[in-house]
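J.: Structure, please.
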Amino acid sequence: MQQLALVREMLARLETKLRENDPDRVPKEDDQGLRTALQGIGDERLTRFTLGYAVCVRGLTAPLASGSWKRELAEEVDEAHRRVLARLGTLERLAGSSLGRLLLRLQGRLRWIIARPRRLQGPFSPEEDGNLRRPA
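T.: So this is what the prediction gives:
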């Protein structure tokens, strides 16, 4: 829950930065804190949506960004913000119950198991497969 609150706080700072068109860089500590919180949460979609939104905000408030890039980002920023808030809301609701927290832990473990590098299999070997006939 603490990490979700930190992500929500950082989103509020990014919203303020965008609203005020603040050209100052996001402090390195804030950026690192956000990344650490996202890593601790372990939700790939929340991470992708949040970092995408952060890129949009930084691009829109960057003083040297080109006009065409800013127009492109302006089209994407609202959708990115909506996605982040929706995913964050879902995770906050799940984290509010013991069953939801269990589900979040299981999802994280399943992702870890699925994402582990697999042992590469060699070419087909009929002897290992117990079928001595050649495949057709």
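J.: What residues of the lengthiest helix in the chain count as buried?
T.: Across the chain, the helix with the greatest residue count (assigned by DSSP state H) is helix 67-95. Along helix 67-95, these residues count as buried under the neighbour rule (16 or more other C-beta atoms under 10 Å): L73, V77, A80, H81, R83, V84, R87, L88, L91, L94, A95. Every residue, glycine included, has its C-beta placed from N, CA and C.
J.: dump the residue contacts of the nearest residue to the third one once chain neighbours are set aside.
T.: Translated: A80. Take A80 and drop its neighbours on the chain: the residue closest to it by C-beta to C-beta, 6 or more residues apart in numbering is Y53, 4.1 Å away. The contact partners of Y53, by C-beta atoms under 8 Å, 6 or more residues apart in numbering, come to L11, L14, V77, A80, H81, R83, V84.
J.: Show me which of those is closest to G42.
T.: Proximity of those to G42, judged by C-beta to C-beta, is greatest for V84, which lies at 16.1 Å.
J.: How much space separates that closest one from K70?
T.: Per C-beta to C-beta, to the nearest Å, V84 is found 20 Å from K70.
J.: secondary structure class for A65?
T.: Three-state assignment for A65 (DSSP: H, G, I helix; E, B strand; the rest coil): coil.
J.: residues contacting the residue nearest to it when sequence neighbours are not counted?
T.: Closest residue to A65 apart from its sequence neighbours, by C-beta to C-beta, 6+ apart: G59 at 5.4 Å. With contacts defined as C-beta under 8 Å, 6+ apart, G59 is in contact with A65, W69, K70, L73.
J.: would CSV of these with pLDDT be doable?
T.: Below are these laid out as CSV (pLDDT from 0 to 100):
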residue, pLDDT
A65, 79
W69, 84
K70, 84
L73, 87
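J.: Closest to I41 out of the residues you listed?
T.: Checking the contacts of G59 against I41 with C-beta to C-beta, the nearest one is L73 at 25.1 Å.
J.: Thanks a lot, catch you later.
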